[in-house]
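In: Make a model of this:
(one chain, ligands or ions: 1)
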Amino acid sequence: MSFRTTSTDYVEDVSPGSGALPPRAWYASSDATSLSLNGTWRFRLSPTADAEDDSFAADGYDAGDWAEVAVPGHWVLQGDGAFGAPIYTNHLYPFPVDPPRVPTENPTGDHLRVFDLPEDWPALTDGGAVLRFDGVESCARVWLNGTDIGEFKGSRLPHEFAVGHLLKPAGNVLAVRVHQWSAGSYLEDQDQWWLPGIFRDVTLLHRPTGCAADFFVHASYDHVEGLGTLRVDSDVDGRVTVPELDIDVATGEPVTVPVEPWTAETPRLYDGVLATEGERVPLRIGFRTVALEDGLIKVNGRAILFKGVNRHEWHPERGRALDLQTMREDVLLMKRHNLNSVRTSHYPPHPAFLDLCDEYGLWVIDECDLETHGFTEQAWRDNPVDDDRWTPALLDRAARMVERDKNHPSVVMWSLGNEAGTGRGLTAMSEWIHGRDGSRLVHYEGDWNCRDTDVYSRMYADHAEVERIGRGLDGGTRLRRGLPFIQCEYGHAMGNGPGGLADYQRIFEAHERLQGGFIWEWIDHGIKHPELGYAYGGDFGEELHDGNFVCDGLIFPDRTPSPGLVEYKKVIEPVRMEGDGADGTVRITNGYDFADLSALAFVWAYQVDGETVGTGALPVPALAPGESAEVKLPEPPATGRSGESLWTVRALLAEETAWGPKDHVVAWAQLPAGERQSVSVAASAAPVAGERLITLGPGAFDARTGALRSIGGVDVAGLRLDVWRAPTDNDDGASWQDDTRWGVLWRKYGLHRMRHRLDAVERDDDALTVRTRVAPAAREIGLRTVYRWTSDGTRLKLTVSVAPEGDWKVPLPRLGIRFGLARAERVEWFGGGPGEAYPDTRSASVLGRWESSVDELQTPYVRPQENGARADVRWARIGGLRIEGDPEFWFSARRWTSEQLDTARHLTDLRSGDTVWVNLDHGQHGIGSQSCGPGPLPQYYLRAEPTEFSFVFSKIG
Ligand code: IPT
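Out: Here you go, the predicted structure:
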């Protein structure tokens, strides 16, 4: 054995690698021993691929002065910055594009681990052993006990090596050299952090003589007869038993029995065993048949509707090294928010995640670890997916995904990858996959002609286009017109938003061909940072980066649901309840594809002026999927109270399930039963002029400027018209979208620096009127704004009239008033809650009485931006004042101004001042999805037009 500098040619070689075993199904044996090699490893970082020779792989090498890293892990997230830093780019390669060459500066991590075989490890003469790597980014070379056993690429795919002949009972030396950049990096240009390391498990598996090798569980379901057919094809002959079904057959032999099918809604699994001469392998069998039929994606004979999300693997401290508990948390959160599907964007997830999808029930589009998006910068020239030299690497990736995951009932489609253009390599992958597994469909978005796919898939198509596709008016090839449609990405959840989900859902549900979609994306990839809270692109000094485009999830980095997830849960709820609260009936429709309503219990509540005055159970028949029933509500409780009244009907889990507690709310609706009385204040008091102040009822005003000073002794600062909001990521839009990027245009027109000109302060018998013009410098546009104050002696009413002047080419961000209060801690309100809402994100806003601290009103978007508005507020109490709106208003309050919110880059930039700034808005502009999709629909624009709105203020107590 000699140790010399090994050639590093393999790093830039387009081939997938050498030395690894052929891919096979991923499973955990019941009886074969295994040894996890996760834990603390010795670690040495070098700046280039060839800086060190391979002597560290030798027996007896002293790594005593090396650092340590945790495996699984990414070295750039360990060592407090001593091991380099993460880099975030969306689609730009962070190195010169010259495939397959990579930079000389190629951080290379040598990992070393010495291990003994456990006591119960079988004799080394009994069978063999396999060393398995579940994920290493991006290229690794492996030595065991000084022998070079191979090298591989394909970061999120498993690689196994036969190592039985190399093992010894004690002192085994496992050396792994990991290069951050390799030819494989060209195939892994997903929009995410570049994070090198051994980030998934490393395991040594004993392979007894006569053990199982690879096997393929075929478990189909005949929905007409109610029969399941099971056949397990196995490389090694054996028997398959499923005790619950009395099945005991040889491998390769089909058997048909009555079964309950598997669906995402009813994830029925049967435990079985594959027994070969040398081992027993547990099977979790789900019977289901996926088919393309009548131009639709059908499972067990029924068309399904995806209510899905794109899931990257993410943990704010550990990156893509996820533990089982975190994976389970994701699945439970998804189930509790009514999601039924996941696209594993953009690579196969940790295999345990798919076990969870089988168990809890989620449809899965399993996506291959392939994206070459950066080639779009050069019009896709030299794209590896259209270059035969790369095809073996593509086929290797396809095979490693399909072979690993083929036994999961949850996987209903294979996806070739993401954003890789088109080319012969993709066609080869598709052909190979179709040949290997005819029981599932093939997906790929980048091919709009659907040459290689079984579904027409798009991303971020706007509502109008989706509608046209639904109606079959989208044109395209004949082949494509016959295919079902999904949006593999839509609703870009970056920052505040996405807006417009309810409008998409209505369209999906109206047209058979539209089979739903997947929100982009599940989680914000913020990295926990000691000074910044959560870091995003640029925070590690990257010379090229895409900022907070990496924080675009429905959950925050710490997995707290964002308002976007709460909204989505409501929009996709599986039970529809509509009706007229006044006539006391509600029409209930089962929106599940497979389940009846027997798992749900319905309850009603009756509110008067936001207070619940009665509740009870509502008997609802166990409707079959698609069925509806008219259900009579009880007589409204006799309270003797008049006021605005409302029914709330909720569908709850009748019993605890695997994913949710009893009484968990699955669906709900509110049905108005009696209208709100509008506030009336008789203008009976007259303004009284003093030396410096004018008083009117409880109000005191500056005599010269007419500015409000206090109400009933409560100081009120800076009350004035306000149109500015700290633009959301969706307001700002993405750089490639230019015509309606309102956030950009608002700044161009100067809406963030409006000037207030005082024109007149007029005192009448019954009113104080202040006339102003609110306008930005350098522009002719403006808003004539009149504040008219009246009082009945105890209450103070403000009526604001706004008349636009000039040629307004942009909508307004918001329209309302803002003012500062010195002392305000808690807020109570009657209106929408508990969370924030905007015109096109308001489905989940529940009308009622709510209470919160000012701090809890804030939504902690990783990059600070407009947030926290509560919709439909009738009245609010804050800082000693009660404010009633005519009509209802949008309420927000924060310890900083919108301008401060606007300049903050991280939450840690926001400093609480002494003042609480309150916004009472008559209107808010919609949110939309323009950070990567369409902006708000026109009906959610806040147009500059003549408007009038009022607030009534009174001092509490
Ligand atoms: C689309 C990508 O597929 C996804 O990975 C992510 O980058 C998303 O956009 C934006 O967050 S590609 C888009 C430019 C159409």
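In: got the residue ranges for the strands in the stretch 301-450 of the chain?
Out: 302-303, 306-310, 341-343, 363-367, 411-415, 441-443 (DSSP state E, counting those that start in this stretch).
In: Compare these and give me the one nearest residue 89.
Out: strand 306-310 (18.1 Å; Cβ to Cβ). For glycine as for every other residue, the C-beta is placed from the backbone atoms N, C-alpha and C.
In: Note down every partner strand of the closest one and its orientation.
Out: Applying DSSP bridges to the sheet, strand 306-310 is found paired with strand 341-343 (parallel), strand 514-520 (parallel).
In: how about those strands, which one is nearest residue 153?
Out: The closest of those to residue 153 is strand 341-343. By Cβ to Cβ, the value is 23.3 Å.
In: returning to that earlier point: want to try CSV for the strands of the stretch 301-450 of the chain, with distance to the ligand, mean pLDDT and mean neighbour count as columns?
Out: Output for the strands of the stretch 301-450 of the chain, formatted as CSV (distance: least, Cβ to the nearest ligand atom, whole Å; pLDDT from 0 to 100; neighbours: other Cβ atoms under 10 Å):
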stretch, distance to the ligand, mean pLDDT, mean neighbour count
strand 302-303, 25, 98, 16
strand 306-310, 7, 98, 28
strand 341-343, 10, 98, 28
strand 363-367, 10, 99, 27
strand 411-415, 11, 98, 26
strand 441-443, 13, 98, 23
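In: looking at those, which is closest to residue 248?
Out: Taking those one by one with Cβ to Cβ, strand 411-415 is closest: 26.7 Å.
In: Low-confidence stretches in the stretch 1-150 of the chain?
Out: Across the stretch 1-150 of the chain, the ranges flagged by pLDDT under 70 are 1-6.
In: Pull up the residues of it that are close to the ligand.
Out: For the stretch 1-150 of the chain, the residues found near the ligand under the criterion Cβ under 6 Å from any ligand atom are residue 90.
In: And the helices in the stretch 1-150 of the chain?
Out: Secondary structure of the stretch 1-150 of the chain (DSSP state H, counting those that start in this stretch): no helices located.
In: Phi first, then psi, for the closest residue to the ligand within the chain.
Out: Closest residue of the chain to the ligand, Cβ to the nearest ligand atom: residue 191 (3.1 Å). Note on residue 191: its backbone torsions stand at phi -70, psi 90 [degrees, to the nearest 10].
In: ok, back up a step: deepest-packed of the strands paired with strand 306-310, please.
Out: With neighbours defined as mean count of other Cβ atoms under 10 Å, the strands paired with strand 306-310 peak in mean count at strand 341-343, which reaches a mean of 28.
In: And the contacts of it?
Out: Contacting residues not belonging to strand 341-343 are listed as 264, 306-311, 334, 357, 362-365, 367, 415, 488-489, 516, 518, 522 [Cβ atoms under 8 Å, 6 or more residues apart in numbering].
In: Domain map for this protein?
Out: 9-207, 574-674, 688-955 (automatic domain parsing).
In: avg pLDDT for the longest one?
Out: Mean pLDDT, domain 688-955: 97.
In: gap between the two ends of it?
Out: Its start and end residues considered, domain 688-955 measures 19 Å (Cα to Cα, to the nearest Å).
In: isn't residue 457 right up against residue 442?
Out: No - the criterion here is Cβ atoms under 8 Å, and residue 457 misses it with residue 442 at 10.4 Å.
In: Contact residues of the chain facing the ligand?
Out: So the chain meets the ligand at 90, 190-191, 346, 418-419, 459-460, 489, 520, 549, 552, 932 (Cβ under 6 Å from any ligand atom).
In: Now with 5 Å, please.
Out: The interface of the chain toward the ligand, taken as Cβ under 5 Å from any ligand atom, is made up of 191, 418-419, 932.
In: Of those, which is the nearest to residue 619?
Out: Of the residues of the chain next to the ligand, the one sitting nearest to residue 619 (Cβ to Cβ) turns out to be residue 932, at 45.2 Å.
In: Check which helix or strand that closest one maps to.
Out: Counting by DSSP states H and E, there is no helix or strand that carries residue 932.
In: Can you report how many residues lie near it?
Out: For residue 932, the count of nearby residues is 25 (other Cβ atoms under 10 Å).
In: tally of neighbours for the closest residue in space to it that isn't next to it in sequence?
Out: Using Cβ to Cβ, 6 or more residues apart in numbering and skipping the chain neighbours, the partner closest in space to residue 932 is residue 492 (3.9 Å). As a burial measure, residue 492 scores 27 neighbours (other Cβ under 10 Å).
In: any idea which element the residue lying closest to residue 708 once chain neighbours are set aside lies in?
Out: In this structure, residue 708 finds its nearest non-sequential neighbour in residue 719, 4.6 Å apart by Cβ to Cβ, 6+ apart. Following DSSP H and E, one finds residue 719 within strand 714-722.
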